[in-house]
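Participant: Quick one, structure for this:
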Amino acid sequence: MKLETFSSIWPVARFDEIDSTNEEARRRVVSGDAGPIWLMADGQTAGRGRLGRQWSSPRGNLYTTALLPFPGSLKEAGLACFSAGLAVIDAARALGADVSQLKLKWPNDVLVGSAKLAGILIETGSVHGRLWMAAGFGVNVEVAPERADRVTSCLTALSGGENLTAQRLLSALDIAFRARLFQLLNEGFGTTREAWLTKAAGLGAKVELSPASGRVEGVMTGLAQDGALVVQLPDGSETHVRAGEISVLG
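Facilitator: As a prediction, this is how the structure comes out:
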């Protein structure tokens with residue numbers, strides 16, 4: 001797929017209920033169809049987020065995966081989660097919602113204050129030497145699912161977002177995500193990085209991370225050019241964390 005394809009609306013395949021839109025994307029790739037297409041479900045029976053976590057999928061919210069043959073490199077594909085988070089905010093803004101409280105939690109959650117609004121799961125693979133991407137979006141539009149482990153929110157709770165629906169959001173997200181991917185591939189990560197930092201949750205705050213190498217605690221100071229989180233340690237030195245869970249302390 002050439003970059004020009006990002007200027008064309010992607011078709012939508014809609015399901016009343018499915019196990020997972022990302023799983024459907026994988027099935028399509030195996031059958032030889034890598035899109036571009038949006039896969040949208042009104043409900044999911046086995047929705048999942050990062051690290052294999054279950055994603056609660058009550059009706060009224062948006063569950064969708066953008067499946068596309070990715071024209072960039074694997075490194076660029078790894079940065080697309082930042083484009084996706086920005087696209088959710090772009091789409092909500094375009095529909096009239098007040099997005100001033102929306103923040104982006106590294107690497108791929110959208111928050112309202114400290115409450116989770118959306119999660120993003122990007123998976124990639126290669127078929128016959130061609131890279132494909134499945135960018136899954138779970139956005140709380142009308143329902144904020146009750147969770148024991150964290151507070152949640154939804155778009156209709158925002159000022160100006162009262163009349164939002166999953167279908168309206170997908171239409172806006174199609175425009176926003178294509179534009180953000182084009183920006184990433186055409187301009188490099190710098191522009192995306194700067195935009196993400198303006199919405200970064202926890203920037204300048206004390207944070208705790210749990211990468212595979214062990215617990216890290218320090219002050220979140222920025223985002224590196226490869227998407228790693230930059231953390232200043234208590235001794236004044238810096239470390240770059242490329243994977244793990246982040247919590248803001250205090």
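Participant: what is the nearest residue to residue 109 once chain neighbours are set aside paired to in the beta sheet?
Facilitator: Using CB to CB, 6 or more residues apart in numbering and skipping residues adjacent in sequence, the residue nearest residue 109 is residue 119, 5.5 Å away. (Each C-beta comes from the backbone N, C-alpha and C, glycine too.) Beta bridges link residue 119 to residue 109, residue 138, judged by DSSP bridges.
Participant: How many residues are close by residue 119?
Facilitator: When neighbours are counted by other CB atoms under 10 Å, residue 119 registers 22.
Participant: Low-confidence ranges, this structure, go.
Facilitator: In the predicted model of the chain, residues 1-2, 47-56, 212, 250 satisfy pLDDT under 70.
Participant: right, and residue 173 touches residue 64 too?
Facilitator: Yes - using CB atoms under 8 Å, residue 173 makes contact with residue 64 at a distance of 7.4 Å.
Participant: Could you measure from the residue nearest to residue 109 over to residue 241?
Facilitator: 19 Å (CB to CB, to the nearest Å).
Participant: per the record, what domains does the chain have?
Facilitator: According to automatic domain parsing, the chain comprises the domains 3-198, 206-248.
Participant: Can you get me the start-to-end distance on the last one?
Facilitator: In terms of CA to CA, to the nearest Å, the two terminal residues of domain 206-248 are separated by 6 Å.
Participant: now that domain: how far from the chain's centre is it?
Facilitator: 20 Å (CA atoms, centre = their mean, to the nearest Å).
Participant: just the longest one next, same as before
Facilitator: In this view, domain 3-198 has its centroid 5 Å away from the chain centroid, taken as CA atoms, centre = their mean.
Participant: Now do that domain: distance from first to last residue.
Facilitator: 26 Å.
Participant: where does the residue nearest to residue 109 sit relative to residue 74, distance-wise?
Facilitator: 22 Å.
Participant: Quick check: longest helix in the protein by residues?
Facilitator: Counting by DSSP state H, the longest helix found in the chain is helix 166-187.
Participant: who touches that one?
Facilitator: 3, 6-7, 9-10, 12, 38, 40, 42, 60-64, 66, 71-72, 76, 79-80, 82-84, 86-88, 90-92, 94-95, 135, 137, 139, 141-142, 155, 191-192 (CB atoms under 8 Å, 6 or more residues apart in numbering).
Participant: those strands in this protein, which residues are they?
Facilitator: 12-18, 37-44, 62-69, 102-105, 109-112, 115-127, 130-139, 206-209, 216-223, 229-232, 238-241, 246-248 (DSSP state E).
Participant: Export those as CSV, with columns for distance to residue 200.
Facilitator: Below are the strands of the chain laid out as CSV (distance: least, CB to CB, whole Å):
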stretch, distance to residue 200
strand 12-18, 31
strand 37-44, 27
strand 62-69, 23
strand 102-105, 6
strand 109-112, 10
strand 115-127, 15
strand 130-139, 19
strand 206-209, 11
strand 216-223, 7
strand 229-232, 9
strand 238-241, 14
strand 246-248, 11
